[in-house]
Each structure stands twice: as C-alpha cells, then as structure tokens.
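Asker: here's a sequence, model it:
(one chain, ligands or ions: 2)
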Amino acid sequence: MKRLLSGIKPSGALTLGNYIGAIMRFVELQKQLTDTEFYLFVADLHAITTEQNPQELRKRTKEIAAMYLAAGLDKDKTILFIQSEIKEHAELGYLLQCHTYMGELERMTQYKDKATKQQSGLTSALFTYPALMAADIILYDADYVPVGDDQKQHIELTRDIATRFNNRFGDFFKVPEPIIPKVGARIMDLQNPEKKMSKSEASDKGYIALLDDEQTIIKKIRSAVTDSIGVIQYDPFNQPGVANLLNIYAALTDKAIEAIVEMYKGLGYKEFKEDLAHIVSTRIKSLQDNYYQIINSPELDAILDAGRAKAQSYAYRKVEKCKQKLGLGRKK
Ligand code: AMP
Ligand code: TRP
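Answerer: Residues are numbered from 1 along each chain as shown. Ligands and ions are numbered 1, 2, ... in the order given. Okay, the predicted model is just below:
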C-alpha cells in the first residue's frame, strides 16, 4: 500500500487557489489511486510562523478539516488530523533542522518573498519552516505529496534532507515524490495576475474565499482584471488575467483550454466572465452545502480523533527509531 500526504496552513480564509491547486486534486487522486492511503492534515504549527489570533486560528483549523471532507474525500480512506496534536512533527522538525543547511534555507523563494515584503518581526521559525515541512512528510514515509506549484521547491528540499539522512545513517526515510497538477497548479490573483492568489493578501478583491457568498463571487469574477486586447486566447505573457480565468475555467470543467478558447471564439470578455462566474459559484455553493453540514456535526471530531490515533502510532515509532539512529538517549 502506498501513502499520500499533504497539508494546508490555517493562516487565513481558504481560497479558490487552495481548492483548485490542492483540495480538489486530493479528491481526484483518491478516485484514481485505489491502493493508496491518504494522510491529510491541517498545518497549524506552520500557521504560527506568522502572528495569529488564537481564537481565529482554532476556528480556521476546524474549517479546513471540514472543507477536506466537504470537497468529497472519503472518510474511510483518509487519515485526517491536526498537525499540532501529534507532538512528533515538532520533534522530528528539530532533528531535521540539524541536518539542513543555512544555505539551503536561504535559497527558498517563499522565504525570500516573505522576507522582502516584511522587513521586521520575521520569526526564526519562518526561516526553518521547510525543515518542519520535511518532517511532516518523511515522518510517515509518504510516497506522494500533491501540492501546488509554490511548494515544489520545499518538496525538493525534503528529498535532499531525506537522502542526506539516509546516506549518513543507513536507509531510513522514504524519499517522497511531488505530484503537481498540470492545470491549476498556480491560480493567480484576480486583481494582479502576476501574483498567486493567496489568503494572506490585504485586498480581498483578488481572491475568492471558499466561504464567500454567491453575489460576492460573481462580483469578484466580473471585476477581474483583463486587458484591452479583447480576444479570448491563452497568452499568459501578454494576457495574464485572461489566461488565469481560462485556467480556472479549465480546472473546474475538465475541458481543455483550447476547447474553451474555441467555444468563445468571437465573443467578448463579458460573456466569458458571466459563464465562469456561474461555474465557480455553482461549484462553491455545493461545497458550502456540504461544509455547513459537517462543521456543525459531532462526526468531525470523531474523524479527527481517529485520525490522530492512527497517525500518532506511526509517528511515535518512527521518531523513536530516528533518535536511536542519531545516538540520542540510552540504547534500547
Ligand atoms: P497553503 O494555503 O499555503 O497552506 O497551501 C495549501 C495548498 O494549496 C498547497 O498545496 C499550495 O500549493 C496550494 N495553493 C495555495 N495557493 C494556491 C494557488 N494560488 N494556486 C494553486 N495552488 C495553491
Ligand atoms: N507549507 C505548505 C503550504 O504552505 C503546507 C504544508 C505544511 C504541507 N506541511 C506540508 C504541504 C506537508 C504538503 C506536505 O502550502
């Protein structure tokens, strides 16, 4: 049996980018990979690398857990858990920091971007974040890690850390493979299509939150930035706004971009945006219907308890063995 693992940080409202680049992909993969266990978690330890309000953080942690299920993940095939409830993530995170070089962390583009945006108050945990992420993955010997494009570099580093450890101490960690979607790996901001759609943006016009209401979604798509060329074609360089909308359209309808371009030949942006607004709002509405049922049900806690128990037993044994390899503590 293979194992797939992925996580989402509860650092802001979940967006359409998270849905298309991650959650929706997990559901599709679960249908395809029948011999694979799914370990999915809420990365709350990652969220606190930047300042969080405790009440908000707790609320969003549960929202993400509910959203995984609302999107259609099969609870019987998914080990769903909250990262901070398994102490071994932090513990292995530290052990791996001892095998990660400053130069490697300094090269991480996500860190560099954040460091340029935010001049002061950068935490040391934001810098060492990729070592914790590597721990999340190799703690469970995951085979596959589906993520959006922005996380690819972190998975490469994870592979390097795991390989380094194995070379020093003997084969111990599984070296994971990333799975990056072909369409929708990078959904861009609706107001600034040069930037990825992100929940941490100050302006909420640029992203669609999965809990936005229908009218808000329609308005945001209608006012998405396009260009003055006026032709619907896939040209990310000259028409990044339209290319982004085409990507969203393709991801949610399973149609090829060329087929969509063909459908809208001779039509204007207005018709295209109206159709897309309908597609996005219908999909999100059905997601929300499921979500509101789950978030208010006692079943969610039961699923998270079961997930914790299962993940915990694997994590405990793995870290104990890892410490033995490193010569920590007394010999067992
Ligand atoms: P995060 O919200 O940063 O924890 O990301 C959770 C998952 O969503 C990761 O797999 C990201 O790669 C993916 N993701 C986040 N934003 C986007 C986006 N704009 N487009 C595609 N995937 C995204
Ligand atoms: N760092 C990821 C992000 O910001 C979230 C994450 C944490 C993750 N641990 C992970 C994703 C392990 C995949 C596997 O998107």
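
Asker: ok, and the helix or strand in this protein with the lowest average confidence?
Answerer: Every helix and strand of the chain was ranked by mean pLDDT, DSSP states H and E. The lowest is helix 109-117, at a mean of 92.

Asker: what's the neighbour count on the residue lying closest to Arg159 once chain neighbours are set aside?
Answerer: What sits nearest to Arg159 in space, not counting adjacent residues and going by Cβ to Cβ, 6 or more residues apart in numbering, is Val175, at 5.2 Å. Any C-beta I mention is one placed from the backbone N, CA and C, and that applies to glycine too. Using other Cβ atoms under 10 Å, Val175 has 18 neighbouring residues.

Asker: before we move on, back to that, show residues contacting the next helix or strand after the least confident helix or strand of the chain.
Answerer: Sequence order places helix 124-138 as the next helix or strand after helix 109-117, per DSSP states H and E. By Cβ atoms under 8 Å, 6 or more residues apart in numbering, the residues outside helix 124-138 that reach it are 5, 7, 41, 43, 45-46, 48-50, 83, 89-90, 92-93, 95-97, 100, 104-105, 108, 111, 114, 145, 151, 154-155, 157-158, 161-162, 173-174, 176.

Asker: quick revisit: let's verify the residue nearest to Arg159: helix, strand, or coil?
Answerer: Assigned with DSSP: H, G, I helix; E, B strand; the rest coil, Val175 falls in the coil class.

Asker: elements contacting the least confident helix or strand of the chain?
Answerer: Packed against helix 109-117 by the contact rule (3 or more Cβ pairs under 8 Å, 6 or more residues apart in numbering; DSSP states H and E) you find helix 124-138, helix 152-169.

Asker: enumerate the residues of the protein near ligand 1.
Answerer: 8-9, 17-18, 20-22, 147-148, 150-151, 185-187, 196-198 (Cβ under 6 Å from any ligand atom).

Asker: next step: the residues you listed restricted to strands.
Answerer: Ile8 (DSSP state E).

Asker: filter the residues of the chain next to ligand 1 by proximity to ligand 2?
Answerer: Within the set of the residues of the chain next to ligand 1, contact with ligand 2 (Cβ under 6 Å from any ligand atom) is found for Ile8, Lys9, Val147, Gln151.

Asker: where does the third one fall, phi/psi-wise?
Answerer: Backbone geometry at Val147, expressed as degrees, to the nearest 10, gives phi -150, psi 160.

Asker: dump the residue contacts of it.
Answerer: With Cβ under 8 Å, 6+ apart, Val147 has these contacts: Ser6, Gly21, Ala22, His154, Ile155, Pro178, Ile179, Ile180.

Asker: ok, of those residues, which one's closest to Ile221?
Answerer: When the contacts of Val147 are ranked by distance to Ile221 (Cβ to Cβ), Gly21 comes first, at 17.8 Å.

Asker: so the closest one makes contact with Asp149?
Answerer: Yes. At 7.4 Å, Gly21 counts as touching Asp149 under the criterion of Cβ atoms under 8 Å.

Asker: what residues do the two have in common as contacts?
Answerer: Residues touching both Gly21 and Asp149 (Cβ under 8 Å, 6+ apart) are Ala185, Arg186.

Asker: those two: which has the busier surroundings?
Answerer: Per other Cβ under 10 Å, whichever of Gly21 and Asp149 has more neighbours is Gly21, with 26 against 15.

Asker: helices of the protein, residue ranges please.
Answerer: All helices of the chain, identified by DSSP state H, fall at 16-18, 24-32, 44-47, 54-70, 88-97, 102-106, 109-117, 124-138, 152-169, 214-222, 240-253, 257-263, 269-295, 299-326.

Asker: lowest average pLDDT across those?
Answerer: Among those, helix 109-117 carries the lowest mean pLDDT, at a mean of 92.

Asker: in the stretch 201-332 of the chain, what residue lies closest to ligand 2?
Answerer: Ala311 (12.8 Å; Cβ to the nearest ligand atom).

Asker: residue contacts, that residue?
Answerer: Counting by Cβ under 8 Å, 6+ apart, Ala311 has contacts Tyr39, Phe41, Ile79, Phe81, Ile86, Tyr140.

Asker: show me what the third one is bridged to.
Answerer: I take that to be Ile79. Tyr39 (DSSP bridges).
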